[in-house]
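J.: Show me the folded form of this:
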Amino acid sequence: MDADIADQMIETLARFVDQDVLPQVREFELDDLYPDAMVDQMRDFGLFGATIPETFGGLGLDVSTYARVIEELYRGWMSLSGVINSHLIAAQLINGFGTEEQKARWLPAMAAGSLRGCFSLSEPDSGSDAAALRCKARRDGDEWIINGTKMWVTNGERAGIIALLARTSDEPGAAGISCFLVEKTPGPRGDGGLTISKHIDKLGYRGLETVEMSYVDHRIPNSALLGGDAGLGQGFRWALTALELGRINVAARGVGVAQAAFDAALSYAQQREAFGKPIAQHQAIGFKLAEMATKLHAARLMVRDAASRVDAGQRADMEAGMAKLFASETAAELALEAMRIHGGNGFTTEYSVERLYRDAPLMIIGEGTSEIQKLVISRAILARAAAKQ
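T.: Coordinates of the predicted model:
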């Protein structure tokens, strides 16, 4: 995307965050209310089609611009980006690996925001060891019968299409996993053998539903198999590819939350006085601000480097993992430092830092824990070293 157009888009989003999000976020977040008006505005901006190609009605943003969009949204409220993240992961799977019929059927509606998507991989007994999933899909003529339980499904209630990972053979690990595009009626009831079995209450990341979904003899047509018959057994590998975008998204979230924490800390430190001068002028607080700014800058550069590599068509599993690891840990650290700078006020709901403190830990866990990122990074280091020998 042209740099000037990208800058204009970010400026528009910044005004939206400042005028429409920040003044209202406390009300929605504390009461765990879904921000319908904010989401409608995001749809009007075209954000549901952010990374969907223009040929299907999307914005066709490159990953670098998309990361800036996510960072700006998260500066306002982390949950807003969650509205489009799993939706765009599902769209990424369809666009990258779907049949031409699947792309034409679903991508235009997803780009318009009239069809919401979600991504469903995790289960009650498989999180970091995602390939150990137990949800099964059994072929029955021209249909598949699905049985199993899925956890941590963001947007699961409001979605109309689910990118579902299920085991289609007895082969162990990733080899026996396929991806299905499961249609459902948006809402709390589900369809056929598919039900929303539980809403999960959360420490942070509120205002956005996270649900458990249960499948009991739920039937879907064979046309729902991502990629057609050629997609059998490819689901896990394809999901890992799509999750590169998800990890860059989470890394950009980390930068957004870290920026919000730094902004709050700096503003408060300039206004709050102790011993006859603003606390920002005391060396102890000044040093904290210096360290916060340095880590924030480093996190932002790592995200942009990973995004630029994806845009250039280069392999970026290691760089995306590094960006996700560093940015998420930085967000958690800066949220805590901001609370310390606020003192007792930081522990109240009157100030935003308590919300940032509750939101930040999710990024250390979501899209692969920090420990999983270290595993991804270490394996990539060794693989690249071996390739040079």
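
J.: how is the chain carved up into domains?
T.: With domains defined by automatic domain parsing, the chain comprises 3-112, 117-233, 237-388.

J.: can you put the ones you listed in TSV and add mean neighbour count and mean pLDDT?
T.: In short, each C-beta sits where N, CA and C put it, glycine included. Below are these laid out as TSV (neighbours: other Cβ atoms under 10 Å; pLDDT from 0 to 100):
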stretch	mean neighbour count	mean pLDDT
domain 3-112	20	94
domain 117-233	19	94
domain 237-388	19	94
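
J.: At which residues are the strands of the stretch 151-300 of the chain located?
T.: Taking DSSP state E, counting those that start in this stretch as the criterion, the stretch 151-300 of the chain carries its strands at 161-167, 177-183, 194-199, 210-221, 273-274, 277-278.

J.: nearest to Gly76, of the ones you listed?
T.: For Gly76, the closest of the strands of the stretch 151-300 of the chain is strand 210-221, at 19.7 Å, according to Cβ to Cβ.

J.: Find the nearest non-adjacent residue to Asp170, please.
T.: Leaving aside its chain neighbours, Asp170 sits nearest to Gly176 (6.4 Å; criterion: Cβ to Cβ, 6 or more residues apart in numbering).

J.: State the distance from the one you found to Lys288.
T.: Per Cβ to Cβ, to the nearest Å, Gly176 is found 50 Å from Lys288.

J.: now the longest helix seen in the chain, how far from the chain's geometric center?
T.: Scanning the chain for the helix with the most residues, using DSSP state H, yields helix 235-271. Mean-position distance between helix 235-271 and its chain equals 9 Å (Cα atoms, centre = their mean, to the nearest Å).

J.: Please apply the same query to stretch 164-176.
T.: 24 Å.

J.: May I ask which helix or strand encompasses the residue nearest the centre of the chain?
T.: A centroid search over the chain (Cα atoms, centre = their mean) returns Asn85, at 4.2 Å, as the residue closest to the centre. In this assignment (DSSP states H and E), Asn85 forms part of helix 78-97.

J.: what's the angle between that helix and strand 161-167?
T.: Helix 78-97 and strand 161-167 are oriented at 70 degrees to each other (axes from the mean of the first three to the mean of the last three Cα atoms, to 10 degrees).

J.: Helix 78-97 vs strand 210-221, what angle?
T.: Using the same axes, to 10 degrees: helix 78-97 against strand 210-221 is 20 degrees.

J.: between the strands of the stretch 151-300 of the chain, which gets nearest to Arg384?
T.: Comparing the strands of the stretch 151-300 of the chain under Cβ to Cβ, the one sitting nearest is strand 177-183, at 26.2 Å.

J.: and that closest one, what other elements does it pack with?
T.: Judged by 3 or more Cβ pairs under 8 Å, 6 or more residues apart in numbering; DSSP states H and E, strand 177-183 is in contact with helix 78-97, strand 143-154, strand 161-167, strand 210-221, helix 235-271.

J.: Columns distance to Leu13 on top of the ones you listed, output as JSON lines?
T.: Below are the helices and strands packed on strand 177-183 laid out as JSON lines (distance: least, Cβ to Cβ, whole Å):
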{"stretch": "helix 78-97", "distance to Leu13": "10"}
{"stretch": "strand 143-154", "distance to Leu13": "21"}
{"stretch": "strand 161-167", "distance to Leu13": "26"}
{"stretch": "strand 210-221", "distance to Leu13": "24"}
{"stretch": "helix 235-271", "distance to Leu13": "11"}
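
J.: For Asp36, which of these is the nearest?
T.: Of all the helices and strands packed on strand 177-183, helix 78-97 comes closest under Cβ to Cβ, at 10.6 Å.

J.: what distance separates whatever helix or strand comes next after that closest one from the centre of its chain?
T.: The helix or strand immediately downstream of helix 78-97 is helix 100-112, counting by DSSP H and E. The gap between where helix 100-112 is centred and where its chain is centred comes out at 21 Å by Cα atoms, centre = their mean.
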